[in-house]
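Trainee: Any chance you could fold what I've pasted below:
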Amino acid sequence: MDKQLQAMISLLEDPEKTVYEAVLQELMEIDPLLIPELEIAWENANTLQQQDRLEKVIAHLRFRKVADRLRKWNESELPSFLDGWIIVSQIQYPDLDSKDVETQVQQIVTDAWLEMNESLTSLEKTTILNHVLFELYHFDLNVANFGAPQNCFINDLLSSRKGNPSTLTLFYCLIARKLQLPIYHLNLKRVLFLGYYDPEMSKEAFGTTSSPILFYINPANKGAIIGHKEMDYYLSRQQLEMGSDIMMDDRFCLKGLIDSLQDAYRATGDEEKIKQLDVLKEIITA
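Mentor: Numbers count the residues shown, from 1 in each chain. Predicted coordinates:
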């Protein structure tokens, strides 16, 4: 370990408050690449106090890494939603292996793709996707722990096959898009439905003034298909209005994921995580 870093770590035990606070602040500005060395120092800490202060430094540096990765993601011309989801999940799982997540997601995509062909109708393709996600892989609502933060992390969702309405909807759309199905999020507050975007078929089926959405999908209810009349009735009952029919931007979707995660942390009273997620949301620009 670098002697200067070692000296700074030893000063975390200094009885003088102004000394250890200055050192603490300086350590929080070091390169996050030094986290492994701090972790070794934490394991060999002389006192619980030194260990506790090292924990604060390590947690801060890990969050800086997440924020830096998200900035790079946001600066991309066409950022991948899955990449963004992995980055946000690293707020809880800093060592999350992105390749492992990508492999699991690709296997689901492949299983669905193998059952599809170009001769199938939009409804038939959606039915196959529902079969793969909800019957073959058994994705479902986490009824036992509905508000848990774990419902929002991509690795937990993949391992438990349980999520909340928001994350199931985001995951459904992620898989659909990888299958090149035109399924998108709706611009509709508090309602987590997806729309199958097919302007030509919608015009043929419902007339020239109809919405470009052929039908709607509710992933929280095992991908239930919803028709136009059902949707209109639902909106009128809820006194809601549809905004612009679809929202295709992955940045918008990632902010929705962060909102869901913040709701979960509010339920647990974790104010620190809520503040960190506020910082992440500010990084994401339209």
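Trainee: what's residue 164 in contact with, if anything?
Mentor: 141, 142, 146, 147, 151, 152, 260, 264 (C-beta atoms under 8 Å, 6 or more residues apart in numbering). Backbone N, C-alpha and C define where each C-beta goes, glycine included.
Trainee: let's see 7 Å
Mentor: Shown in contact with residue 164 (C-beta atoms under 7 Å, 6 or more residues apart in numbering): 141, 142, 146, 151, 260.
Trainee: Skipping adjacent residues, who's closest to the second one in space?
Mentor: On the basis of C-beta to C-beta, 6 or more residues apart in numbering, the spatially nearest residue to residue 142 that is not a chain neighbour turns out to be residue 162, at 3.7 Å.
Trainee: Would you check that my belief about the one you found contacting residue 144 is correct?
Mentor: No. Between residue 162 and residue 144 there is no contact under C-beta atoms under 7 Å: 8.1 Å.
Trainee: Which one of the two is surrounded by more residues?
Mentor: Each of residue 162 and residue 144 has its neighbours counted (other C-beta atoms under 10 Å); residue 162 has more, 21 against 7.
Trainee: Please report phi then psi for that one.
Mentor: phi -120, psi 140 (degrees, to the nearest 10).
Trainee: same thing with residue 196?
Mentor: With angles defined as degrees, to the nearest 10, residue 196 sits at phi -90, psi 110.
Trainee: So it is in contact with residue 213, correct?
Mentor: Yes. In this structure residue 196 lies within contact range of residue 213 using C-beta under 7 Å: 6.5 Å.
Trainee: which stretches of the chain have low pLDDT?
Mentor: Along the chain, the parts satisfying pLDDT under 70 run over 1, 187-191, 208-209, 240-248, 286.
Trainee: max-length helix in it?
Mentor: The longest helix of the chain (DSSP state H) is helix 48-75.
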